[in-house]
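Student: build me a structure from this.
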Amino acid sequence: MSDIISYKQKLDKLKENSAFRTIKDIKKKEGKHIFVNDKMMLNLSSNDYLNLSTNKDLIAEFIGKYSKSSEFLFSSASARLLTGSSSCYKSLEEKFSKMYGKSALLFNTGYQCNQGIVSTIFDKGDLIISDKLNHASIISGLILAPAEHIRYKHNDYDNLEKILIEKRAGYKKVIIISESVFSMDGDIADIRKLVELKEKYDCMLMIDEAHAFGVFGDNLLGICDSLNLIDKIDIITVTLGKSLASMGAVAIADKTIIEYLINKASSFIFSTAIAPINVMWSNFLLNEKFDILKLKKEKLNTLFSEVHKLYPTTSQSQIVPIVLGQSDKTSYFAADCQKEGYYVLPINPPTVPTGTSRLRISLTSDIEYCEIENLFLKVKKLNEI
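Tutor: As a prediction, this is how the structure comes out:
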């Protein structure tokens with residue numbers, strides 16, 4: 001009983017600091033709207049950047065076309081290396097391999113993908129240098145990895161180079177890891193500079209394109225694609241549960257690295273594979289609806305350009321942070337926005353550093369500028385107080 005009391009005390013502390021998490025009572029989602037506690041609101045807290053997950057026409061077409069397939073199953077019932085694989089998995093990996101010009105491996109989630117890669121491919125005597133604001137999945141991989149690790153100041157390439165100057169000679173292999181679009185600030189890493197440092201100091205480079213895939217690049221492949229730098233990146237990871245409104249994540253790398261992950265990455269080897277129906281859905285969108293994805297991507301790019309003109313921010317993407325500082329102030333303002341029909345949520349520590357609590361506005365392709373203009377005018381007025 002004393003153990004339970006200690007947990008309760010910790011939970012009470014979270015509540016005092018406005019950091020207590022609860023699962024929201026979401027009734028349904030329709031297009032760009034979400035129904036919470038029976039109230040319809042504009043959904044500004046989604047990673048469904050192309051508004052595909054609730055597109056009834058696409059869903060109906062997919063089901064009508066593929067529901068009689070022998071692969072149209074709701075469970076793989078096994079890991080990939082046992083019986084949890086079929087032709088649709090191979091087709092999806094081949095599609096990514098063709099798009100990126102490298103080998104590809106499907107993981108169940110972005111978290112398992114990043115954690116699996118970072119914890120697997122480096123050994124004792126190696127060094128991992130990671131951006132301070134990289135996602136928790138990467139941090140988890142750092143903790144599990146036998147290699148040593150250092151975190152450089154966010155997007156501070158002078159700090160990164162200083163670390164390389166001091167440390168590179170003392171390690172066999174060194175990898176630099178960064179997200180391309182950062183999930184809480186919406187800013188973008190300088191991939192060209194990272195490539196320059198990688199080559200100058202004989203390192204490897206891993207880029208997580210989770211929030212850029214489907215949103216950036218002529219081929220929707222992310223920031224590395226938009227800069228024509230895919231060939232310069234040793235490992236790229238993308239998630240399918242955001243812009244593609246599906247499940248899973250893909251590691252893109254040299255064939256040898258992919259084969260090594262198949263043989264050594266615990267998060268791949270020991271997980272029941274994602275359901276075939278999700279893999280088929282991903283194939284359907286990429287192979288048959290790519291033109292629709294591109295049109296939605298262009299619409300989204302126009303929207304966040306308009307928003308950035310109205311509300312100047314350090315963000316360079318569809319993720320627009322409204323940093324209010326204190327947790328209680330942020331939670332109060334989020335509740336006020338919800339009353340006005342905007343579904344925004346407070347992001348408080350430990351997800352973000354203390355003193356940087358924020359609203360994370362997530363723009364999606366079906367939202368019209370006129371629908372959110374008043375929200376950003378409201379924020380500007382609040383900042384002027």
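Student: use CA for all of it now, contacts and neighbours both
Tutor: Noted.
Student: wait, a helix at Ile128?
Tutor: No. The assignment for Ile128, made by DSSP: H, G, I helix; E, B strand; the rest coil, is strand rather than a helix.
Student: check contacts around it.
Tutor: Residues in contact with Ile128 (C-alpha atoms under 8 Å, 6 or more residues apart in numbering) are Phe122, Leu142, Ala147, Glu148, His149, Ile150, Val174, Ile175, Ile176, Ile177.
Student: lowest-confidence entry in these?
Tutor: Lowest pLDDT among these: Phe122, with 94.
Student: so it is in which element?
Tutor: For Phe122, there is no enclosing helix or strand under DSSP states H and E.
Student: before we move on, back to that, now render the contacts of Ile128 as TSV, adding secondary structure.
Tutor: As requested, those are arranged in TSV below (three-state DSSP):
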residue	secondary structure
Phe122	coil
Leu142	helix
Ala147	coil
Glu148	strand
His149	strand
Ile150	strand
Val174	strand
Ile175	strand
Ile176	strand
Ile177	strand
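Student: TSV please, covering those and showing neighbour count and distance to Val36.
Tutor: Compiled in TSV, those are given as follows (neighbours: other C-alpha atoms under 10 Å; distance: C-alpha to C-alpha, whole Å):
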residue	neighbour count	distance to Val36
Phe122	20	44
Leu142	26	37
Ala147	21	45
Glu148	17	44
His149	18	42
Ile150	16	41
Val174	26	47
Ile175	20	43
Ile176	24	41
Ile177	24	37
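Student: what does the helix or strand hosting Glu259 rub up against?
Tutor: Taking DSSP H and E as the criterion, Glu259 maps to helix 255-264. The contact list for helix 255-264, computed with C-alpha under 8 Å, 6+ apart, reads Lys102, Ser103, Ala104, Leu105, Gly116, Ile117, Thr120, Ile121, Ala251, Ile252, Phe268, Ile269.
Student: pick the one among those residues closest to Lys289.
Tutor: Ala104 (21.0 Å; C-alpha to C-alpha).
Student: would you mind measuring from that closest one to Gly141?
Tutor: Taking C-alpha to C-alpha, to the nearest Å as the measure, Ala104 falls 19 Å from Gly141.
Student: between the two, which is the more surrounded one?
Tutor: Ala104 (28 against 20; other C-alpha atoms under 10 Å).
Student: what does the closest residue to the more buried one other than its chain neighbours show for phi and psi?
Tutor: Among residues not flanking Ala104 along the chain, Ile252 sits closest, at 4.5 Å (C-alpha to C-alpha, 6 or more residues apart in numbering). Ile252 adopts backbone torsions of phi -120, psi 120, taken as degrees, to the nearest 10.
Student: which parts of the protein are strands?
Tutor: In the chain, the strands defined using DSSP state E lie at 26-30, 33-36, 39-43, 103-107, 127-131, 148-152, 174-179, 204-208, 235-239, 249-253, 319-325, 342-343, 346-347, 357-362.
Student: nearest to Phe290, of those strands?
Tutor: strand 235-239 (16.6 Å).
Student: adjacent strands (with direction) for that closest one?
Tutor: Using DSSP bridges, strand 235-239 pairs in its sheet with strand 204-208 (parallel), strand 249-253 (antiparallel).
Student: will you turn those into a markdown table that also has distance to Lys378?
Tutor: Output for the strands paired with strand 235-239, formatted as a markdown table (distance: least, C-alpha to C-alpha, whole Å):
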| stretch | distance to Lys378 |
| --- | --- |
| strand 204-208 | 33 |
| strand 249-253 | 37 |
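Student: out of the ones you listed, the one nearest Tyr369 is which?
Tutor: Closest of the strands paired with strand 235-239 to Tyr369 is strand 204-208, at 28.8 Å (criterion: C-alpha to C-alpha).
Student: what about the closest one, average pLDDT?
Tutor: What strand 204-208 shows for mean pLDDT is 98.
Student: show residues contacting it.
Tutor: Here strand 204-208 has contacts from 173-180, 194-195, 198, 233-238, using C-alpha under 8 Å, 6+ apart.
Student: what of stretch 62-69?
Tutor: Phe72, Trp281, Phe284.
Student: just the helices in the stretch 1-150 of the chain please.
Tutor: 2-16, 56-66, 87-100, 110-120, 136-144 (DSSP state H, counting those that start in this stretch).
Student: can you say which of those helices is packed in most?
Tutor: Among those, helix 110-120 has the highest mean neighbour count (mean count of other C-alpha atoms under 10 Å), at a mean of 25.
Student: got the CA coordinates for that one in CSV?
Tutor: Extracted in CSV, the C-alpha atoms of helix 110-120 (Å, rounded to 0.1, in the frame of the first residue of the first chain):
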residue,chain,number,x,y,z
GLY,A,110,8.3,5.7,-35.5
TYR,A,111,9.3,5.1,-31.9
GLN,A,112,10.3,1.5,-32.5
CYS,A,113,12.1,2.5,-35.7
ASN,A,114,14.3,5.3,-34.1
GLN,A,115,14.9,3.4,-30.9
GLY,A,116,15.8,0.2,-32.8
ILE,A,117,18.3,1.9,-35.1
VAL,A,118,20.0,4.1,-32.5
SER,A,119,20.3,1.3,-29.9
THR,A,120,21.5,-1.3,-32.5
